[in-house]
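A.B. asks: What follows is a predicted protein model with its sequence.
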Amino acid sequence: MVKIEMTYRGDLDVEAIHTPSGTHLIADAPVDNQGKGSSFSPTDLVATALGSCMAITMGIVAKRHQIDLTGMKTSVEKEMTSQPTRRIGSLKVVITGPAGIKKSDQELLERAALGCPVHKSLHPEVQIPVTFLWG
């Protein structure tokens, strides 16, 4: 179990503390929803969680198989929808892996990414197209 403690600081800002490490993070409402957009919004954090989870899950598998993923890049483009209610409509993921990874290892790593816990936890109505680019 991991505990995250949050304090509402007013003006649509929340400070979160990751209690095991003491790391602090600020979340702010986005400009299009009455906020200042001064930091990650809660839905930005969902996009960040997805991208980082996919990369870390790939890294775990890569480490187990002695595959060097140093320099791999992950980007997530979040699109909101208001139908039927305001929510994340899609999270478009692009993972760019380093050159020199064998095709069989690429397939292994891609399966790992798609099996990450955050990907499996998101509502099925959220579209999550994933593109893998190698080399």
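C.D. replies: Good, I have the coordinates. What you are looking at is a predicted structure, and each value in this text was computed from that prediction instead of being measured.

A.B. asks: the longest helix in this protein is where?
C.D. replies: helix 42-64 (DSSP state H).

A.B. asks: which strands and helices sit next to that one?
C.D. replies: strand 73-81, strand 87-97, helix 103-114, helix 117-121 (3 or more Cβ pairs under 8 Å, 6 or more residues apart in numbering; DSSP states H and E). No exception for glycine: its C-beta is placed from N, CA and C like everyone else's.

A.B. asks: from the middle of its chain, how far away would it be?
C.D. replies: 5 Å (Cα atoms, centre = their mean, to the nearest Å).

A.B. asks: and the angle from it to strand 87-97?
C.D. replies: 30 degrees (axes from the mean of the first three to the mean of the last three Cα atoms, to 10 degrees).

A.B. asks: how much space between the spatially most central residue of the chain and Thr7?
C.D. replies: Centroid-nearest residue in the chain: Leu50, 2.5 Å away (criterion: Cα atoms, centre = their mean). Counting by Cβ to Cβ, to the nearest Å, the separation of Leu50 from Thr7 is 25 Å.

A.B. asks: sorry, back to before: so which of the helices and strands packed on helix 42-64 is nearest Gln66?
C.D. replies: Gln66 lies closest to helix 103-114 among those, at 9.8 Å (Cβ to Cβ).

A.B. asks: Might you calculate how far stretch 36-53 sits from the centre of the chain?
C.D. replies: With Cα atoms, centre = their mean as the basis, the mean position of stretch 36-53 lies at 7 Å from the chain mean.

A.B. asks: Mind listing residues that contact that stretch?
C.D. replies: 11-13, 25-31, 33, 35, 74-78, 80, 88, 91, 93, 116-119, 122, 128 (Cβ atoms under 8 Å, 6 or more residues apart in numbering).

A.B. asks: Could you tell me which of those residues count as buried?
C.D. replies: 12-13, 27-30, 35, 74, 76, 78, 88, 91, 93, 116, 118-119, 128 (16 or more other Cβ atoms under 10 Å).

A.B. asks: the domain parsing of the chain - what is it?
C.D. replies: What automatic domain parsing lists as the domains of the chain is 4-33, 42-134.
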